[in-house]
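Asker: make a model of this:
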Amino acid sequence: MFVLELTYTGPIERVDALLGDHMAWLDAHYAAGDFIASGRKNPRDGGIILAVGDDRARIEEITGADPFVTGGVCAYRVTEFVATRTAPQLAPYRQQPVS
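Answerer: Got it, this is the predicted structure:
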């Protein structure tokens, strides 16, 4: 599992101009099963996405295609973790620790 932290690097007006494209990009990755939660940070200086996948390179490829990235208004920090405990609704995403 991955925590994807977006930090805006451009003016909020430019972020807002790209928001529709970003939302369509999010929708496509929810439909593909890549994302399980997302939202704005408070204060609004970026956002957070919870992503699932086995391949960090693939996750970095996905983030690189975000219209916010291609539009030059955000940078990502990708943190991989092993979700050994979850709420019951997220049980399908539980992982066993690697020994």
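Asker: quick one: low-confidence parts of the chain?
Answerer: Applying pLDDT under 70 to the chain flags residues 99.
Asker: max-length helix in it?
Answerer: For the chain, the helix with the greatest residue count under DSSP state H is helix 12-31.
Asker: right, and the helix or strand after it?
Answerer: Counting by DSSP states H and E, the element after helix 12-31 in chain order, helix or strand, is strand 35-40.
Asker: what are the contacting residues of that next one?
Answerer: The contact list for strand 35-40 (C-beta atoms under 8 Å, 6 or more residues apart in numbering) reads 26, 29, 46, 47, 48, 49, 50, 51, 52, 90, 93. In this view, the C-beta of every residue, glycine as well, is placed from N, C-alpha and C.
Asker: export the residues you listed to CSV and append columns for neighbour count.
Answerer: Listed next are the contacts of strand 35-40 as CSV, based on neighbours: other C-beta atoms under 10 Å:
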residue, neighbour count
26, 17
29, 18
46, 19
47, 20
48, 13
49, 24
50, 16
51, 21
52, 16
90, 15
93, 13
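Asker: these in strands, which ones?
Answerer: Using DSSP state E, the subset of these located in strands is 46, 47, 48, 49, 50, 51.
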